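Engineer: Could you look at this predicted model? Sequence included:
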Amino acid sequence: MKRASEKTVVIIGMGLIGGSLGMALRRARPKVWRVIGLERGPSSLALARRRGACDKIFTNWREGVRDADEIVICTPPSQIVPVTRRVLPWIKPGVVISDAGSVKGPVVAGWSHLQKAAASPIKYSFVGAHPMAGSEKTSWEHGTATFFEGKACFVTPLPATSQPAAAAVAGFWRGLGMEVATVDPERHDEIVAHISHLPMVLASTLCSLLASKDPSWRGYAGGGLRDTTRIAASDPRIWKPILEQNSTQVLHALREYQAEIKALEAALTEGDWPRVTAMLERAKAYRDGVRT
């Protein structure tokens, strides 16, 4: 039974992010949010409910979203707009729809197209978000109720986005212990290309290079290789569309990185050890200030 003061949040996609979100809401704000899990497969939803990730589960999309006050789409970025299109006919007016995708440009373009193509004015608000709380593991079994605490979250409203809706989404994630930064979608994609997508590419290309070497080398690796390449263990099926959708910004980041590598190569070739030291010191100073 839903309490009068309670709001209903529907989480679409009960993977690592969606499952953790449900557990976090039920732990941190049980008197505020009633959590509905919506997924294609009943078996994964049943497991998620037993784990405490949702109050109720649905595989029927119409039934699942009809009482929603807020919808958070936790699918891969390429599925966010199709999922939005699918639920629009059944949501009530005033619903705030958000997401947790790691690319915003194509998603925002898709949302704008949906609005322009609508036969009548759309009575909902769409505010993009991206909690920076991923992992190389993807299934909800690896999620926790404290998954988002102390981490950063982007909220990416457009100029036309209603202020109350943007504030509601920012408050939603702050309520889970996240530090929220509000930026426009293009700026978001530039930032994550450098601090998230580029590290994935570097880890993967390093492992790809090492895969061409003597297989016994991996047995000698210490913490340096493990720490540097952890994210290379991520599912390629998830990362391929992310890199595809943010390819322009990722290419820009890669070219900047290539220039840095070339500068180090030149310093090593010339025996310019003060320059090498300066680069290492600059790197250490940056790493010492990174959120851990």
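Structural biologist: Right, received. Where do you want to start? Numbering: from 1, shown residues only.

Engineer: Give me the domain ranges for this protein.
Structural biologist: For the chain, automatic domain parsing gives the domain ranges 7-183, 188-288.

Engineer: Single out the most deeply packed of those.
Structural biologist: Stretch with highest mean neighbour count among the domains of the chain: domain 7-183 (a mean of 19; mean count of other C-beta atoms under 10 Å). Every C-beta, even on glycine, is put in place using the N, C-alpha and C of the backbone.

Engineer: want to try TSV for the domains of the chain, with mean pLDDT as columns?
Structural biologist: Written out in TSV, the entries for these read as follows (pLDDT from 0 to 100):
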stretch	mean pLDDT
domain 7-183	86
domain 188-288	96
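
Engineer: Who are the packing partners of the helix or strand hosting residue 202?
Structural biologist: Element membership of residue 202 [criterion: DSSP states H and E] is helix 198-210. On a contact count with 3 or more C-beta pairs under 8 Å, 6 or more residues apart in numbering; DSSP states H and E, helix 198-210 meets helix 223-229, helix 236-245, helix 247-270.

Engineer: Residue 287: which of those is closest?
Structural biologist: helix 223-229 (11.1 Å; C-beta to C-beta).

Engineer: Return the residues in contact with residue 27.
Structural biologist: 145-146 (C-beta atoms under 8 Å, 6 or more residues apart in numbering).

Engineer: Surely it is in a strand?
Structural biologist: No: counting by DSSP: H, G, I helix; E, B strand; the rest coil, residue 27 is not found in a strand; it is helix.

Engineer: And it, how close does it get to residue 113?
Structural biologist: As defined by C-beta to C-beta, to the nearest Å, residue 27 lies at a distance of 37 Å from residue 113.

Engineer: So for residue 178, what's the nearest residue that isn't a sequence neighbour?
Structural biologist: Closest residue in space to residue 178, ignoring its immediate chain neighbours: residue 153 at 4.1 Å, by C-beta to C-beta, 6 or more residues apart in numbering.
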